[in-house]
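Novice: Pasting the sequence and the predicted coordinates here, then a few questions.
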Number of protein chains: 2
Amino acid sequence: MHEQGSAPRGLDPIDELARRAADEVGLISFAGGLPDPKLFPRRQLSDAFLEAIHAPGAAALQYGWPEGSLELRTWIAQRLRDRGARVEPSEVIVTSGAQQAIALALATAPRRDTVAVDEESYPAALELFRTAGATLMPASAPAALYYSLPSISNPRGLRMSDGERAALLSRARSARGYVIEDDAYEGTAFSGKSSRPLLADARERVFHVGTFSKTLCPGLRVGWLVPPSRLVQRALRRKQTHDLQANSLAQELLVAYLKTDDFERLQARSRARYARKQRLVAAAARKHLPELSIESPVGGFSLWLESKRHASGEALLEAAIAEGTSFDPGESFRRAPSPRLALRLCYSAVPEADIEPGIERLSRAFRRLG
Amino acid sequence: MHEQGSAPRGLDPIDELARRAADEVGLISFAGGLPDPKLFPRRQLSDAFLEAIHAPGAAALQYGWPEGSLELRTWIAQRLRDRGARVEPSEVIVTSGAQQAIALALATAPRRDTVAVDEESYPAALELFRTAGATLMPASAPAALYYSLPSISNPRGLRMSDGERAALLSRARSARGYVIEDDAYEGTAFSGKSSRPLLADARERVFHVGTFSKTLCPGLRVGWLVPPSRLVQRALRRKQTHDLQANSLAQELLVAYLKTDDFERLQARSRARYARKQRLVAAAARKHLPELSIESPVGGFSLWLESKRHASGEALLEAAIAEGTSFDPGESFRRAPSPRLALRLCYSAVPEADIEPGIERLSRAFRRLG
């Protein structure tokens, strides 16, 4: 979006810094929530692509139904049934990534004036809720909608306990509200253990959101939404009027890929790699940034660091870019402003050898901040 | 979406018939606006895919910026400049197909309470405007938005004259309204002549919408929106909050494909084939359905047939399915209800040998309607 020689109009300052960082040669980036490109199974995806594109009828290149491929929806429904939820393929809508599934849930929900969220949550969801005119409420408040990442949270990488899940559903029931369950990081728990989705315990109160972006690759833009049964047609109609359907190419590629057993093996490989990177980044942060408190994640792509000190994450990012590193400032994740410094370090896409040098750069930026 | 043994709830009757028709073995379908799958350049797209997926960095599989690939936006901007519009790559937003570009234009326009449309127009756009709460106005009325397909209209397949274009822009100016220019069928004129987009004559009043769906293949779900310059950031922010970005895979595949000269050759081949099919379907309709009036299209995928007779297109479709053929009932295309029978026959995806038999079946259904 950069016009030559001029900053893009209308970008917020953090976006602008993120774009500047992306252009810096040699910068070590802890920003973005990107999976490790070394884990992309290019050969297997190529095989799947060739199978899909040469299939009779060429469904991969043609229009499809708005709800998406039946084979893919069947796979998604089966995975959810394996985790305890009663879901039929006809209740799954394939979306253009998890972000669209969240937007579709928001638009389909009977009410959306208030959305309860964790004190730190996924920035693009917060931005969506805000621009839609919703008031963001604390997670404990009565609200029309509850947005939550119970499997693995973002940015903290924590899993909700059974008690917390029950409490969330109970609050939603009392408020006659709905829950948007963002399951994007399911499959990234270092333990390999899957979790029971909220959907399994409140089928008619939960919009369940999933994606292949974190466990396979985000460039496909394939996610899904399982709305409460009686809202499926309403969601589907909105999906259709807004972009007809998710892209056929990636769906057919996925159908061919998921017939192999590569996906399970990939997840085991990915978990081991991300767990190792997480240990490296946590050790480096403890060593070089001892002033910041760290919460140990159980999965996901990132580490959340906080300080008692009052300072701006944006200012720290500016200093960090000057030192040759970047991260996501805590401000973007917060429901309500706080003067305390916080930051998210995404280790997922950083080469292991770059982790400690990157944290050293960040540490220098932190000292420079004074 | 079909639950076993039960009709899907909430589908409108025409959608339900369309889905029933799609399941009928041996049915000859004139429905849907689908390009001819025989024209999909599978080999060339496979080559482009393999190039894209093995590129360093694997951009095809990773997250990208919300505005889309710079190389692809540069190609799109250049094509528009060749047609007389002043467009920079930074003003192009790659979308998930043309439908999303229309939805994005609607959401970004300063006002959207009234949308002026042709008496017959693209059904999914009409449905979008209606469900967004807009009042559909005649094309000649003052309105907040004007939705138009000046290059090649749908369903009639006609090109707007210079005088009609000037009149439309003048009406929009007087009403201080904006124009959504749907350019989806550009490139399908049988003559091979491209047209000057409205964007070229009213850069700040036009949302320009394009796509690869009709000229290459729809399964990629890659289209674009060029908003008025000062609304680019607003549209981009909405795009980002609603699905982050168009799929990287198809964008990178397109970048690799468009570097070859196959696209120009494909368009020449496609035009010749669609022109031939159009002549066949028009001849068959004149022979077997002489009661219906036909307007000769200059491009596009379909023929629009009308009757002075009062009859329901939906009833005719039901009879047609029983005879083994289908089409799109005129009702879906109309701004305002009319008792007169009308239908759209899409010839694009019908094998040539099936055209006359299909029209004979339709003719039998028409007689049965009484």
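Specialist: Perfect, thanks for sending it. Residues are numbered from 1 along each chain as shown, chains lettered A, B, ... in the order given.
Novice: hey, let's count contacts and neighbours off CA atoms from now on
Specialist: Noted.
Novice: so what's residue A:13 up against?
Specialist: Counting by CA atoms under 8 Å, 6 or more residues apart in numbering or on different chains, residue A:13 makes contact with residue A:314.
Novice: Equivalent analysis for residue A:91, please.
Specialist: Residues in contact with residue A:91 (CA under 8 Å, 6+ apart) are A:226, A:227, A:229, A:232, B:1.
Novice: Please apply the same query to residue A:325.
Specialist: A:21, A:27, A:28, A:29, A:30, A:358, A:361, A:362.
Novice: tally of neighbours for residue A:82?
Specialist: Counted with other CA atoms under 10 Å in any protein chain shown, residues neighbouring residue A:82 total 12.
Novice: What strand or helix carries residue A:179?
Specialist: Assignment of secondary structure by DSSP states H and E places residue A:179 within strand A:178-182.
Novice: so which of the contacts of residue A:325 is the most crowded?
Specialist: Most neighbours among the contacts of residue A:325, by other CA under 10 Å: residue A:362, with 28 neighbours.
Novice: hang on, that one is in a helix, isn't it?
Specialist: Yes. Counting by DSSP: H, G, I helix; E, B strand; the rest coil, residue A:362 is located in a helix.
Novice: pretty sure it contacts residue A:320?
Specialist: Yes. Between residue A:362 and residue A:320 there is a contact under CA atoms under 8 Å: 5.6 Å.
Novice: shared neighbours of those two, anything?
Specialist: Counting by CA under 8 Å, 6+ apart, the residues touching both residue A:362 and residue A:320 are residue A:326.
Novice: if I pick the closest residue to residue A:29 other than its chain neighbours, what's in contact with it?
Specialist: The shortest distance from residue A:29 to any non-neighbouring residue, by CA to CA, 6 or more residues apart in numbering or on different chains, is to residue A:326 (4.8 Å). Shown in contact with residue A:326 (CA under 8 Å, 6+ apart): A:18, A:21, A:27, A:28, A:29, A:30, A:31, A:317, A:320, A:362.
Novice: now, which of those sits nearest chain B?
Specialist: Nearest to chain B, judged by CA to the nearest CA, of those is residue A:18 at 11.0 Å.
Novice: if I look at the closest one, how far off is residue A:177?
Specialist: As judged by CA to CA, to the nearest Å, residue A:18 and residue A:177 stand 35 Å apart.
Novice: ok, the two, which is more surrounded?
Specialist: Higher neighbour count among residue A:18 and residue A:177: residue A:177, with 24 against 20, using other CA under 10 Å.
Novice: That one and residue A:92, how far apart?
Specialist: On the measure of CA to CA, residue A:177 and residue A:92 end up 21 Å apart.
Novice: As a quick check, tell me the outermost residue of chain A.
Specialist: Largest separation from the mean C-alpha position in chain A: residue A:56, at 34.9 Å (CA atoms, centre = their mean).
Novice: For the contacts of residue A:325, give me CSV that also has secondary structure and pLDDT.
Specialist: Listed next are the contacts of residue A:325 as CSV, based on DSSP: H, G, I helix; E, B strand; the rest coil; pLDDT from 0 to 100:
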residue, secondary structure, pLDDT
A:21, helix, 83
A:27, coil, 96
A:28, strand, 97
A:29, strand, 96
A:30, coil, 97
A:358, helix, 98
A:361, helix, 98
A:362, helix, 98
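Novice: before we move on, the earlier item: now the residue nearest to residue A:29, what are its backbone angles?
Specialist: The phi and psi torsions at residue A:326 (degrees, to the nearest 10) take the values phi -150, psi 170.
Novice: list the contacts for residue A:148?
Specialist: A:117, A:118, A:179, A:180, A:181, A:182.
Novice: So which residues on the stretch 201-350 of chain A come close to chain B?
Specialist: Within the stretch 201-350 of chain A, the positions lying close to chain B (CA under 8 Å from any CA of the partner chain) are A:217-221, A:233-234, A:240-244, A:246-250.
Novice: And the contacts of the strand holding residue A:179?
Specialist: With CA under 8 Å, 6+ apart as the criterion, strand A:178-182 contacts A:98, A:102, A:105, A:109, A:144-150, A:169, A:172, A:197-199, A:205-210.
Novice: Mind checking which of the residues you listed land in helices?
Specialist: Counting by DSSP state H, the part of the contacts of strand A:178-182 found in helices is A:98, A:102, A:105, A:169, A:172.
Novice: and which of the residues you listed is nearest to residue A:41?
Specialist: residue A:98 (20.8 Å; CA to CA).
Novice: List the residues that contact the residue nearest to residue A:42 when sequence neighbours are not counted.
Specialist: The shortest distance from residue A:42 to any non-neighbouring residue, by CA to CA, 6+ apart, is to residue B:53 (6.6 Å). Contacts for residue B:53 (CA under 8 Å, 6+ apart) come out as A:42, A:46, B:59, B:60, B:61, B:249.
Novice: Run through the residues that contact the closest residue to the fourth one other than its chain neighbours.
Specialist: Sequence neighbours aside, residue B:249 is the residue nearest to residue B:60 in space, at 4.2 Å (criterion: CA to CA, 6+ apart). Going by CA under 8 Å, 6+ apart, residue B:249 touches A:219, A:220, A:250, B:52, B:53, B:59, B:60, B:61.
Novice: Count the neighbours of residue A:320 for me.
Specialist: By the measure other CA under 10 Å, the count of residues near residue A:320 is 27.
Novice: quick one: buried residues of whichever strand or helix holds it?
Specialist: If you go by DSSP H and E, residue A:320 is part of helix A:313-323. Within helix A:313-323, the residues that count as buried by 16 or more other CA atoms under 10 Å in any protein chain shown are A:313, A:314, A:316, A:317, A:318, A:319, A:320, A:321, A:322, A:323.
Novice: ok, the second one touching residue A:14?
Specialist: Yes. In this structure, residue A:314 is within contact of residue A:14 by CA under 8 Å, at 6.4 Å.
Novice: joint contacts of these two?
Specialist: Shared contacts of residue A:314 and residue A:14 (CA under 8 Å, 6+ apart): residue A:329.
Novice: Which pLDDT value goes with residue A:23?
Specialist: What the model reports for residue A:23 is a pLDDT of 82.
Novice: how near is residue A:25 to residue B:141?
Specialist: Between residue A:25 and residue B:141 the distance is 54 Å, computed by CA to CA.
Novice: make that residue A:149, sorry
Specialist: From residue A:149 over to residue B:141 the distance is 48 Å, taken as CA to CA.
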